[in-house]
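Trainee: attaching a predicted model along with its sequence, questions to come.
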Amino acid sequence: MNDRKPENRIETYPHWDLATWRPDLPTGRIERIYTHWSAHDYGSVFPAYHFCVATADDGRLVVVNTHDVCENMRNVYEGPEQPYAAHTRGRNSFALGISIMAMHGATPDDFGPYPLTEALIDGLCLVGARLAAYYDVPIDAEHVMSHAEAAVIDGYFGSAEEERWDIARLRAETRSLVPQDAIDVGEELRTRMRRMTE
Ligand SMILES: [Zn+2]
């Protein structure tokens, strides 16, 4: 995965050390934040999200601003030909997408060669907490949810090809994946985000 296209390289975009990053962004109408994982390796980033939590070549965790937040400060479905970050099906208007870069080849019982780590999860929660504070987004189940929670509501939750389960599990487990996993992990992520705003 070293032959990354420019659009998948950290260096292509504004990026910062996770620990010291503070949002310095255009103001505007942002009402919701969706959390994801990329289902790729630790270092490839994607402009389908606004912010990627990635691992640099030297092992540091970085936050990468892969998409202009302004492009989603509108009803994107009224002008779908204009560019925007398409991170969560049918839910991209006035919404930010943030994502952990990990989970290539992961299944619910085997997270594969690029599993989630506590540091990556904390990094995502820190980015979510700071963006929620910056844009006045309440950290509750209506305004900050995982792609998996949205998929439960919208009827495409699961680990099959056209389904989504990010972020319905924080560690691999052999029992089968159920919608309650999405809800439980969504609540855990929100609790961790709230803790970071205190
Ligand atoms: Zn997703």
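Mentor: Structure received. Numbers count the residues shown, from 1 in each chain.

Trainee: helices or strands next to the biggest helix by length in the chain in the packing?
Mentor: Counting residues, the longest helix found in the chain (DSSP state H) is helix 179-197. Under the contact definition 3 or more Cβ pairs under 8 Å, 6 or more residues apart in numbering; DSSP states H and E, helix 179-197 sits against helix 118-134, strand 144-146, helix 147-154. All C-beta atoms are positioned from the backbone trio N, CA, C, and that covers glycine.

Trainee: just say which of these is most tucked in.
Mentor: Of the helices and strands packed on helix 179-197, the one with the most neighbours on average (mean count of other Cβ atoms under 10 Å) is strand 144-146, at a mean of 25.

Trainee: and the strands in the chain?
Mentor: Remark: strands assigned in the chain by DSSP state E are 15-17, 32-37, 51-55, 61-65, 95-100, 144-146.

Trainee: export the ones you listed to TSV and append columns for mean pLDDT and distance to the ion.
Mentor: TSV is the format used below for these (pLDDT from 0 to 100; distance: least, Cβ to the ion, whole Å):
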stretch	mean pLDDT	distance to the ion
strand 15-17	98	20
strand 32-37	98	3
strand 51-55	98	12
strand 61-65	98	16
strand 95-100	98	7
strand 144-146	98	8
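
Trainee: among those, which is the most enclosed?
Mentor: strand 51-55 (a mean of 28).

Trainee: relative orientation of it and helix 118-134 in degrees?
Mentor: On the basis of axes from the mean of the first three to the mean of the last three Cα atoms, to 10 degrees, strand 51-55 is oriented at 160 degrees to helix 118-134.

Trainee: sheet partners, orientation included, of strand 51-55?
Mentor: Here strand 51-55 is paired, per DSSP bridges, with strand 61-65 (antiparallel), strand 95-100 (parallel).

Trainee: OK, contacts around the residue lying closest to Phe51 once chain neighbours are set aside?
Mentor: Leaving aside its sequence neighbours, Phe51 sits nearest to Ile98 (Cβ to Cβ, 6 or more residues apart in numbering; 4.5 Å). With contact taken as Cβ atoms under 8 Å, 6 or more residues apart in numbering, Ile98 is in contact with 33-36, 49-53, 124, 127-128, 131.

Trainee: Gln180: which of the helices and strands packed on helix 179-197 is closest?
Mentor: Nearest to Gln180 among the helices and strands packed on helix 179-197 is helix 147-154 (9.0 Å), distances taken as Cβ to Cβ.

Trainee: counting contacts, what elements does the closest one pack onto?
Mentor: strand 32-37, helix 179-197.

Trainee: picking that back up, which one among the contacts of Ile98 gets closest to Glu161?
Mentor: His36 (16.7 Å).
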